[in-house]
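# Task: produce atomic coordinates for the following.
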Amino acid sequence: MVVPKFKLSEVTILIGVYLLVVLSINLYFLNIIYGILSEVVSNRTEVMLYGIKSIFLIVLMLVSLGVYLNTQTKQSTLFLTAVLFIGLSVTLNYLKLYYLNDWSLELLHRVLYALGLYIMFKYIMNTGIKVKKPKPLLLKESYRTDTVLS
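Residues are numbered from 1 along each chain as shown. From the prediction side, this is the model:
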């Protein structure tokens, strides 16, 4: 998993400040988009679900970026790439739903989402979970004579 690798106590000050600045910029843009969508879309539930989904996506992106900046391994690069593809896919889907209804945006949305899922699957398969080999079962070669039936 990625979350155990992301420990706030081990984050350097520069990376922490950078992540806070990125979080504040993302939340500002989310607030502006939420205000625009609340005027365009009449259903409040849809706008609320958009906000919740976007907040979770922002948190996932920040965690993946923080893990990448702390470790810079192949695993963290795969996770960051997968999250970015899924984030871009969701953004294109919102753009297609509310502003431009074009088939090319739909195609790009589906391709980016499929690539994100493929890379996430590759990340999960490469996590290196080691399975312990079971100990060999040793059988007794000698038995008591009263238990042996002939």
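# In this structure, mark out all the helices, start to finish.
13-40, 44-71, 74-98, 103-125 (DSSP state H).
# buried sites along the first one?
Buried residues in helix 13-40, counted by 16 or more other CB atoms under 10 Å: Leu19, Asn26, Leu30, Ile33. Where C-beta positions appear, they are placed from N, C-alpha and C, glycine not excepted.
# just to revisit the earlier point, for the helices of the chain, which one sits closest to Pro134?
Of all those, helix 103-125 sits nearest to Pro134, with 22.7 Å by CB to CB.
# Would you pull up how far stretch 60-69 lies from the middle of the chain?
9 Å (CA atoms, centre = their mean, to the nearest Å).
# Any buried residues in it, and which?
Neighbour counts over stretch 60-69 (16+ other CB under 10 Å) mark Leu60, Met61, Leu62, Val63, Ser64, Leu65, Gly66, Val67, Tyr68, Leu69 as buried.
# Dump those residues into JSON lines; add distance to Ile52 as well.
As requested, the buried residues of stretch 60-69 are exported to JSON lines (distance: CB to CB, whole Å):
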{"residue": "Leu60", "distance to Ile52": "13"}
{"residue": "Met61", "distance to Ile52": "15"}
{"residue": "Leu62", "distance to Ile52": "16"}
{"residue": "Val63", "distance to Ile52": "17"}
{"residue": "Ser64", "distance to Ile52": "19"}
{"residue": "Leu65", "distance to Ile52": "21"}
{"residue": "Gly66", "distance to Ile52": "21"}
{"residue": "Val67", "distance to Ile52": "23"}
{"residue": "Tyr68", "distance to Ile52": "25"}
{"residue": "Leu69", "distance to Ile52": "26"}
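# So which of these is the closest to Ser104?
Distances from Ser104 to those, taken by CB to CB, are shortest for Met61, at 24.7 Å.
# residues in contact with that closest one?
Asn26, Val83, Leu84, Gly87 (CB atoms under 8 Å, 6 or more residues apart in numbering).
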